[in-house]
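Chemist: Could you work out the structure for the sequence below:
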Amino acid sequence: MLIIFSNPFLFDQFANVWDIKPVPLKGNGQYSCVIVLGGFAGDDDKGNGVFNSSADRFIQGLKLFTTGKASHILISGGNGNLLADSFRESDWVKTQLLEFKIPDSCILIENKSRNTIENTAFSKILLQKSHLQSPYILVTSAFHMRRSLGIFKKAGIDVVPYPCNSMRSSGVFSISKLMPDADVLGKWNFYTKEVVGTIVNYLK
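Modeler: Residues are numbered from 1 along each chain as shown. Take a look at the predicted model:
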C-alpha cells in the first residue's frame with residue numbers, strides 16, 4: 001500500500017482520469033459571472049486573512065474577470081471550521097479584490113456556506129437576486145471540480161468548468177516518477193475525500 005500510494009506515476013494516472021478537463025470559453029463578455037469556490041483562504045492565529053495552497057482559485061478568478069471573460073465575480077465561502085470563529089473567507093477576499101481596483105458593484109459575496117453543497121445553494125439564491133443569467137464560469141481546484149460540477153448540476157445551475165491548482169506533476173515521463181515520494185501521500189488525502197464525497201452526493 002505504501003509503495004502504491006507514494007508512487008508519483010500512479011497518482012498522475014489517477015488524477016488524469018479524475019480531473020475534469022477545462023472547456024474552451026467563449027469570447028469576452030459572454031459570461032455574466034465567474035463563481036470562485038472558497039477554501040483558498042483562512043485566518044491566522046491573530047485573525048488576519050491569509051491565502052493557502054489553493055490560492056490559484058483566487059488568481060484564476062481574478063484573471064477571468066480582469067480579462068473581460070465575465071462581468072461579475074462571485075466569491076462563495078464562509079467558515080468551514082468545526083469550531084468556527086467570526087472570520088468569513090469571502091468577506092476578507094473582497095477586501096483583496098478591492099485592492100486590485102475591482103469595482104464594488106461587480107463583486108458578489110456569499111459568506112454563509114460551510115461546504116460545497118452550501119456554496120451551491122447560497123450562490124444560486126444570490127445569482128437569482130442579482131438577475132445574472134447562466135451559464136457561469138465555475139472556478140475551483142482540479143481535484144474538487146468533479147464533485148462540484150455534480151452538485152451544481154443537481155441544483156440546476158449551468159456552469160462551465162474552469163479547473164485550476166492541478167496536483168499532477170508536469171513534464172514528460174522520467175524514471176524518477178516511479179520512485180516513492182512522501183509528498184504524494186498527502187495528495188491522496190484530497191482525492192480520497194473527493195471520491196467519497198462524490199459517491200455520497202450521487203446516492204442522495
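Chemist: can you count the residues close to Val93?
Modeler: Neighbours of Val93 under the rule other Cβ atoms under 10 Å: 27. For glycine as for every other residue, the C-beta is placed from the backbone atoms N, C-alpha and C.
Chemist: That one looks like it's in a helix, true?
Modeler: Yes. When classified by DSSP: H, G, I helix; E, B strand; the rest coil, Val93 is found to be part of a helix.
Chemist: list the contacts for it?
Modeler: With contacts defined as Cβ atoms under 8 Å, 6 or more residues apart in numbering, Val93 is in contact with 38, 41, 49, 58, 75, 77.
Chemist: list the buried ones in stretch 110-123?
Modeler: Across stretch 110-123, burial judged by 16 or more other Cβ atoms under 10 Å covers 110-114, 116-123.
Chemist: So which bits of stretch 138-156 are buried?
Modeler: Buried positions in stretch 138-156, judged by neighbour count with 16+ other Cβ under 10 Å: 138-152.
Chemist: Spatially nearest residue to the most centrally placed residue in the chain (excluding sequence neighbours)?
Modeler: Central residue of the chain (Cα atoms, centre = their mean): Thr140, 1.9 Å from the mean position. Once flanking residues are discounted, Thr140 sits nearest to Leu37: 4.2 Å by Cβ to Cβ, 6 or more residues apart in numbering.
Chemist: Repeat that for Gln60.
Modeler: Closest residue to Gln60 in three dimensions, ignoring its sequence neighbours and counting by Cβ to Cβ, 6+ apart: Cys164, at 4.4 Å.
Chemist: thinking the one you found is in contact with Asp56, fair?
Modeler: Yes. At 4.6 Å, Cys164 and Asp56 qualify as touching, with contact defined as Cβ atoms under 8 Å.
Chemist: which one of these two has more residues nearby?
Modeler: Counting neighbours by other Cβ under 10 Å for Cys164 and for Asp56 shows that Cys164 has the greater number, 22 against 19.
Chemist: contacting residues for that one?
Modeler: 56-57, 59-60, 139-142.
Chemist: Greatest separation within those: which pair is it?
Modeler: Distances among the contacts of Cys164 were taken as Cβ to Cβ; the most separated pair is Ile59 and Ala142, at 13.9 Å.
Chemist: Show me which residues of the helix or strand bottoming out on mean pLDDT in the chain are buried.
Modeler: Least confident element among the helices and strands of the chain, by mean pLDDT, DSSP states H and E: helix 2-5 (a mean of 90). By 16+ other Cβ under 10 Å, helix 2-5 has no buried positions at all.
Chemist: Beyond that helix, next helix or strand please.
Modeler: Sequence order places helix 8-18 as the next helix or strand after helix 2-5, per DSSP states H and E.
Chemist: elements contacting the longest helix belonging to the chain?
Modeler: Ranked by residue count and defined by DSSP state H, the top helix of the chain is helix 182-203. In this structure, helix 182-203 packs against helix 2-5, helix 8-18, helix 142-154, with contacts taken as 3 or more Cβ pairs under 8 Å, 6 or more residues apart in numbering; DSSP states H and E.
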